[in-house]
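Trainee: The sequence and its predicted three-dimensional model are supplied below.
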Amino acid sequence: MAAFGILLAGLILAGCGKFRKAGGPPQRPAPEVAVAVIKPERLTLSAELPGRVSAYLVAEVRPQVSGIIQKRLFDEGGDVKAGDLLYQIDPAFYEAAYASAKASLARAEANVPPIRLKAERYKELVDIKAVSQQNYDDITAALKQSEAELGIARAAMETARINLAYTGITAPIAGRIGKSAVTIGALATAHQAVPFTTIQQLDPVYVDVPQSSANLLRLKRSMASGDLKRAGDYQAKVRLILEDDTPYPLEGTLKFSDVTVDPSTSSFILRMIFPNPDHTLLPGMYVRAVIEEGVNEQALLVPQQGISRDPKGNAIVMLVDGSDKAEQRSVKVDRAIGDKWLVTDGLKPGDRVIVEGVQKVRPGASVKVVPFDAGQKDGPGSGKKAPSAAESK
């Protein structure tokens, strides 16, 4: 009986041991992560730069002669044509000056013929010694003097005529005229510092935007290495975004780039020209110009949530290697393209970048891979089969 009790106790202890082993804590499953498979894409790169609108032509209207303004012959803010009369200065003084200059010219013209005839007669007489050489020299000098006075009179009359014409102030260019700085009865001073008004040609218009010289050097290196190809000819098409974030309907053309870098800002000016038939663009208006820089035939784009930063600020990603283990890698990013980053170094086609669930893994840890769906909101675990490392390549 005692032996039977000992055997029963041994069986009970053995059963308890098995129970403890079967009821121990289970091993944790590998965390689920959503990955995006990197594939090369054809990408047209563009830069959005702030700029200002400026008029195609600007003319400040100033008087060329002094006098009292008699008339103003335009509507402020209206359109004028080249040669339109804008202001009329009192011409009475200049009319009198022109008449006096015209009379002086007539007198000078009347003095020349008799002296010329006398000089011709003296030339014949001096040959036969009928007059002295001195008399002939005197009449020749008098003829030259009268001809010089005739030239002076003609120039004076032309000056008087020009001054009289300047009493009517005309538009030097066609365009939109601004407000008038003077009124009827005001005194105009020749070549005064303050303009009467300003005319601006608004169709087409210029848009001037600053461009970083460092960015220019980067683009040239990318073009030289073949990473970027020029999109069309040098005069690339340019689009505008207005102040209210609406696109301007008409495309512009890159006109030229400045040849001097501003040392205070390390930038230079790009000038574009835009048609403006409806005068939507006004001088001084703030706009954003979208300029095509080139085409990257093998661009690698990574969803923005797949890129993080280390304590030094360097961009890093978490990858899934061929054995479904997490791997950390440093990368270089260029710019944001929509909701993605353009990666220029550190990745290759076929790499699987962890986009969701990266906070649950550490480098070297095994993971369960599911495909990344940009439209899903539930994160990893949608039940879709993820591509293997071989399939992604």
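Mentor: In hand now; what should we look at? Numbers count the residues shown, from 1 in each chain.
Trainee: so who does the nearest residue to T189 once chain neighbours are set aside touch?
Mentor: Once flanking residues are discounted, T189 sits nearest to S66: 5.2 Å by Cβ to Cβ, 6 or more residues apart in numbering. Yep, even glycine has a C-beta here, placed from its N, CA and C like the rest. Counting by Cβ atoms under 8 Å, 6 or more residues apart in numbering, S66 makes contact with 89, 187-190.
Trainee: what's the answer for L164, then?
Mentor: By Cβ under 8 Å, 6+ apart, the residues touching L164 are 91, 94-95, 97-98.
Trainee: ok, 6 Å please
Mentor: With contact set as Cβ atoms under 6 Å, 6 or more residues apart in numbering, L164 has these partners: 94, 98.
Trainee: try the one 10 residues further on
Mentor: Contacts for A174 (Cβ under 6 Å, 6+ apart) come out as 81-82.
Trainee: Would you mark the buried spots in the longest strand along the chain?
Mentor: In the chain, taking DSSP state E as the definition, the longest strand is strand 40-61. For strand 40-61, burial by neighbour count (16 or more other Cβ atoms under 10 Å) applies to 43, 45-47, 49, 51, 53-56, 59, 61.
Trainee: Identify the residues contacting that strand?
Mentor: Against strand 40-61 from outside (Cβ under 6 Å, 6+ apart): 172-173, 195-201, 204-209, 281, 283, 285, 287-299, 349.
Trainee: Where do the helices of the stretch 151-300 of the chain begin and end?
Mentor: Assigned by DSSP state H, counting those that start in this stretch, the helices in the stretch 151-300 of the chain fall at 213-225.
Trainee: show me where pLDDT drops low in it?
Mentor: 215-216, 218-236, 257-259, 293 (pLDDT under 70).
Trainee: Kindly recompute the last result at 80.
Mentor: Within the stretch 151-300 of the chain, the segments meeting pLDDT under 80 span 212-237, 254-268, 291-298.
Trainee: Report all helices and strands that the helix or strand containing R107 contacts.
Mentor: Secondary structure assigned from DSSP states H and E places R107 in helix 92-127. Helix 92-127 is packed against helix 133-165, with contacts defined by 3 or more Cβ pairs under 6 Å, 6 or more residues apart in numbering; DSSP states H and E.
Trainee: Could you tell me the angle between the helix it packs on and helix 92-127?
Mentor: 160 degrees (axes from the mean of the first three to the mean of the last three Cα atoms, to 10 degrees).
Trainee: Show me which positions of helix 133-165 end up buried.
Mentor: 136, 139, 143, 146, 149-150, 153, 156-157, 160, 163-164.
Trainee: Now that we have those, can you turn them into TSV and tack on distance to S264?
Mentor: Compiled in TSV, the buried residues of helix 133-165 are given as follows (distance: Cβ to Cβ, whole Å):
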residue	distance to S264
Y136	74
I139	72
L143	66
S146	64
E149	59
L150	59
A153	57
A156	52
M157	54
A160	51
N163	46
L164	49
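Trainee: and which of those residues is nearest K340?
Mentor: N163 (69.6 Å; Cβ to Cβ).
Trainee: dump the residue contacts of the residue positioned nearest the centre of the chain.
Mentor: Closest to where the C-alpha atoms of the chain average out (Cα atoms, centre = their mean) is V209, at 2.9 Å. Neighbouring residues of V209 by Cβ under 6 Å, 6+ apart: 49, 51, 270, 289.
Trainee: how close does the closest residue to the second one other than its chain neighbours sit to S264?
Mentor: Same thing as G51. Once flanking residues are discounted, G51 sits nearest to V209: 3.3 Å by Cβ to Cβ, 6+ apart. Remark: distance between V209 and S264 (Cβ to Cβ, to the nearest Å) = 17 Å.
Trainee: go on, V302?
Mentor: For V302, the distance to S264 - Cβ to Cβ - is 36 Å.
Trainee: These two: which has the busier surroundings?
Mentor: Between V302 and S264, counted using other Cβ atoms under 10 Å, the more crowded position is V302 (22 against 6).
Trainee: Tell me the secondary structure at the more buried one.
Mentor: Secondary structure, DSSP: H, G, I helix; E, B strand; the rest coil: V302 is strand.
Trainee: how many neighbours does V80 have?
Mentor: Counted with other Cβ under 10 Å, residues neighbouring V80 total 21.
Trainee: dump the residue contacts of it.
Mentor: 74, 171, 177.
Trainee: Next one, pLDDT for it please.
Mentor: Looking at V80, its pLDDT is 92.
Trainee: Could you tell me how many residues sit around the closest residue to it other than its chain neighbours?
Mentor: Closest residue in space to V80, ignoring its immediate chain neighbours: A171 at 4.6 Å, by Cβ to Cβ, 6+ apart. By the criterion of other Cβ under 10 Å, A171 has 19 neighbours.
Trainee: you'd agree A171 is up against Y87?
Mentor: No: the pair A171 / Y87 is not scored as a contact, 10.3 Å apart, by Cβ atoms under 6 Å.
Trainee: Kindly state the domain boundaries assigned to this protein.
Mentor: 32-43+298-392, 45-56+202-296, 63-90+167-194, 91-163 (automatic domain parsing).
Trainee: Three-state assignment for K312, please.
Mentor: Strictly by three-state DSSP, K312 counts as coil.
Trainee: That one and S330, how far apart?
Mentor: 10 Å.
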